[in-house]
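[1] this one's sequence-less:
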Ligand code: BV8
């Protein structure tokens with residue numbers, strides 16, 4: 001582990017621009033279930049039933065119940081040592097964060113330069129007037145827009161079959177095109193376009209570092225350990241350089 005930490009710290013320190021791509025495994029040690037693990041969110045539900053626009057059109061209350069259930073879990077949780085270490089790393093390095101997570105924990109931990117490519121569970125979008133708002137309470141399975149009064153609200157989340165926000169894709173593409181090192185943390189690499197980012201960096205001659213107890217990516221350096229364990233150690237190494 002020591003040698004890999006030194007090598008990873010050097011790669012990140014020497015890089016003129018690096019990207020951290022995170023998935024649900026980043027928040028596992030905060031007590032938030034991942035999607036596809038044995039305790040995964042999708043053990044009882046499948047994406048087909050819930051995380052897609054057809055499901056919402058068919059039964060908005062069911063979809064709101066799923067997201068409200070997840071919000072209630074997240075509202076009781078805190079960022080873990082991995083979130084805080086990553087946020088501090090961003091103070092030492094030109095490291096930009098691209099997260100697939102919608103749980104807001106990177107923001108709570110202090111990460112600044114970040115794009116939430118699948119949205120944020122505490123944001124809503126009005127189907128009537130398009131207004132993006134914040135909604136933290138979870139007692140209403142069919143919330144209505146406060147601005148236009150008639151518009152139904154949906155979670156401001158990117159569902160399967162929906163394109164990522166144009167401005168997010170632009171920002172992520174700009175970072176990836178200049179990225180020399182990508183740090184892939186806690187993702188099973190099954191959802192596109194995020195699942196293609198590491199291969200893109202490798203194809204342009206960059207380095208891939210993965211942190212995942214069940215590695216899922218071709219990487220130059222692999223830590224088959226928990227992110228909450230590795231990231232603080234990696235931060236320490238970077239500080240020593
Ligand atoms: C799109 C909603 C254009 C938010 C989610 C090719 C190109 C483009 C699109 C596609 C394509 N092929 C197919 C598609 C369509 C689709 C797709 O990728 N389907 C897959 C299933 C094949 N993609 C889309 O629809 C995307 N839209 O590209 O638009 C388009 C549209 C249609 C057709 C073509 C193009 C939209 C994708 C967004 C979907 N929204 N969820 C929400 O409710 O949360 S995806 C969902 O999965 C979550 O957002 C989550 O972030 C994401 C990825 O899951 P992971 O984060 O990886 O979580 P998982 O549980 O799988 O893995 C956890 C990992 O952590 C494990 O590896 C585990 O070992 C590890 N771990 C556990 N503990 C720890 C740990 N690691 C570290 N430390 C620990 N302690």
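    Received the coordinates, thanks. Quick caveat: nothing in here was measured; it's all calculated off a predicted structure.
[2] Tell me where the chain has helices.
    Applying DSSP state H to the chain gives helices spanning 2-14, 53-58, 60-75, 81-92, 105-108, 166-177, 197-203, 227-240.
[3] Write out the residues of this protein neighbouring the ligand.
    23-25, 28-29, 34-37, 40, 51, 100-102, 118, 157-164, 186-188, 190-193, 211-214, 216, 226-228 (Cβ under 6 Å from any ligand atom). Every C-beta, even on glycine, is put in place using the N, C-alpha and C of the backbone.
[4] Show me what stretch 189-199 is in contact with.
    Outside stretch 189-199, the residues that touch it by Cβ atoms under 8 Å, 6 or more residues apart in numbering are 19, 21, 23, 36, 98, 100, 117, 164, 169, 172, 176, 182, 184, 187, 208, 210, 216-219.
[5] try it again with 7 Å
    Applying Cβ atoms under 7 Å, 6 or more residues apart in numbering, the contact partners of stretch 189-199 are 21, 100, 117, 176, 182, 184, 187, 208, 216-217.
[6] Could you export those residues to JSON lines, including columns for neighbour count and pLDDT?
    Formatted as JSON lines, the contacts of stretch 189-199 follow (neighbours: other Cβ atoms under 10 Å; pLDDT from 0 to 100):
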{"residue": "21", "neighbour count": "29", "pLDDT": "98"}
{"residue": "100", "neighbour count": "20", "pLDDT": "97"}
{"residue": "117", "neighbour count": "22", "pLDDT": "98"}
{"residue": "176", "neighbour count": "21", "pLDDT": "98"}
{"residue": "182", "neighbour count": "28", "pLDDT": "98"}
{"residue": "184", "neighbour count": "27", "pLDDT": "98"}
{"residue": "187", "neighbour count": "27", "pLDDT": "98"}
{"residue": "208", "neighbour count": "22", "pLDDT": "98"}
{"residue": "216", "neighbour count": "18", "pLDDT": "97"}
{"residue": "217", "neighbour count": "20", "pLDDT": "96"}
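[7] Show me the residues you listed that map onto strands.
    21, 182, 184, 208 (DSSP state E).
[8] quick one: which two of these are the most distant?
    The most widely separated members of the ones in strands among the contacts of stretch 189-199, counting by Cβ to Cβ, are 21 and 208 (9.8 Å).
[9] Give me the common contacts of these two.
    Taking Cβ under 7 Å, 6+ apart as the criterion, residue 21 and residue 208 both touch 182, 184.
[10] So what's the residue count around residue 215?
    Neighbour count of residue 215, defined by other Cβ atoms under 10 Å: 14.
[11] so what's the residue lying closest to it once chain neighbours are set aside scoring on pLDDT?
    Of all residues not flanking residue 215 in the chain, residue 222 sits nearest, at 4.9 Å (Cβ to Cβ, 6 or more residues apart in numbering). As predicted, residue 222 sits at a pLDDT of 98.
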